[in-house]
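Peer 1: Next input, structure requested:
(3 chains)
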Amino acid sequence: MSIRLDPLQTLDLDSTLCCGQAFRWDKHGEWWYGIVKGKAFKIRQRSNRLEFENVEIGFLKAYLGLDDNLQEVYSQIRKDRHVEQAVERFRGLRILRQDPWECLISYICATYKNIASIKGMLLNLSRKFGDKVTFDGLGFYTFPTAEKLARASASEISDCSLGYRAKYVHETAVTVHEGKLELEYLVKVSYEKAKAELLNLPGVGLKVADCVSLFSLGKFEAFPVDVWVKRALMRHYNLHFPREFIRRISDKRSLTNSEYGRLNVFGREYFGGYAGYAQEYLYHYERMQR
DNA sequence: TAGTTGCCTTCGAG
DNA sequence: ACTCGAAGGCAAC
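Peer 2: So this is what the prediction gives:
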């Protein structure tokens, strides 16, 4: 199956799937293989054609955010030469609409880890607690349900090399399984409300709450600040902050909540309602400079 | 060869 | 309100 992308549906599939927003995609030859909400499928892009197998077009379009109006996004976030360059370089990179549960656990695991390790942890978790699905002669594993992880012990989860994150994953799984927090409901509420709810979960701080809000709840105003975005802001936006503040955060490797809040508010006020898109371009651009 | 740094940070003590 | 240090483990340097 394939569709032709019209000019308004600019897409850079490679950047979208490898930029580090989702962790369970792998490229074999020209095809990207992944499993989303229990469905294993493959996709490839050849200029303005998007080819896919084993997935409904509606599901795929929703997942890839193909109906997001990137022209509008770009016109809103293009505030200076630096984002302009990032946008030019990765034009067509889209924010995925990930499954909230998988996204939540992924980013709880992501703290203080690099992308390769995060992929490893999530693969271990899926192999151990998910169900195997075969497609195209390849094996995939569904992402473990909240119930499955809630019933597991923290030490079984720890065996997936999660370290101290194991107990956060377990406790969050229990909370969600017991119905204390309805993740799908967060799609409907405001960014502030969703973020506040997420912050009640163990292992979820400001950064993780912003990532989940942006990558799975459709809150495009969320502006996650990780070490790379922090570097980008210090390098290219330092004039927007007091010199003393920049000096202070450049010395330390981690941010306090109030320092995080300051960078986060700047991003949202400066870039506007699509600050999350700006964040992802800045993030990817910064990383690709090595 | 062995040691250090860094990683899409959070939590709890003081 | 703040600072500080600990918390897997692995790859890159």
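Peer 1: which ones are touching A:Glu156?
Peer 2: Residues counted as contacts of A:Glu156 (C-beta atoms under 8 Å, 6 or more residues apart in numbering) are A:Lys128. For glycine as for every other residue, the C-beta is placed from the backbone atoms N, C-alpha and C.
Peer 1: what's the distance between it and A:Leu149?
Peer 2: As judged by C-beta to C-beta, to the nearest Å, A:Glu156 and A:Leu149 stand 9 Å apart.
Peer 1: could you dump the helix or strand harbouring A:Asn124 to PDB, C-alpha only?
Peer 2: When elements are assigned from DSSP states H and E, A:Asn124 belongs to helix A:115-129. C-alpha atoms of helix A:115-129 as PDB (Å, rounded to 0.1, in the frame of the first residue of the first chain):
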ATOM      1  CA  ILE A 115      19.200   6.700  23.700                       C
ATOM      2  CA  ALA A 116      21.000   3.400  23.000                       C
ATOM      3  CA  SER A 117      20.500   2.300  26.600                       C
ATOM      4  CA  ILE A 118      16.900   3.400  26.600                       C
ATOM      5  CA  LYS A 119      16.300   1.200  23.500                       C
ATOM      6  CA  GLY A 120      18.000  -1.700  25.300                       C
ATOM      7  CA  MET A 121      15.900  -1.300  28.400                       C
ATOM      8  CA  LEU A 122      12.600  -1.100  26.500                       C
ATOM      9  CA  LEU A 123      13.500  -4.100  24.400                       C
ATOM     10  CA  ASN A 124      14.300  -6.100  27.500                       C
ATOM     11  CA  LEU A 125      11.000  -5.100  29.100                       C
ATOM     12  CA  SER A 126       9.000  -6.000  26.000                       C
ATOM     13  CA  ARG A 127      10.800  -9.300  25.600                       C
ATOM     14  CA  LYS A 128      10.200 -10.300  29.200                       C
ATOM     15  CA  PHE A 129       6.700  -9.000  29.700                       C
END
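Peer 1: where are the low-confidence patches of chain A?
Peer 2: Across chain A, nothing is flagged by pLDDT under 70.
Peer 1: how about the residues of it near DNA strand B?
Peer 2: Where chain A comes near DNA strand B, counting by C-beta under 7 Å from any atom of the strand, the residues are A:19-21, A:110-115, A:117-118, A:168, A:201-209, A:211, A:224, A:226-229, A:253-255, A:260, A:280, A:283, A:287.
Peer 1: Give me every residue in the stretch 1-150 of chain A lying close to DNA strand C.
Peer 2: Residues of the stretch 1-150 of chain A lying near DNA strand C by C-beta under 7 Å from any atom of the strand: A:111-114, A:116-117, A:120.
Peer 1: Please parse chain A into its domains.
Peer 2: With domains defined by automatic domain parsing, chain A comprises A:2-67, A:100-215.
Peer 1: highest average neighbour count across the ones you listed?
Peer 2: Per-stretch averages of neighbours, counted by mean count of other C-beta atoms under 10 Å, single out domain A:100-215 among the domains of chain A, with a mean of 18.
Peer 1: Endpoint to endpoint, that domain covers what distance?
Peer 2: One end of domain A:100-215 sits 8 Å from the other (C-alpha to C-alpha, to the nearest Å).
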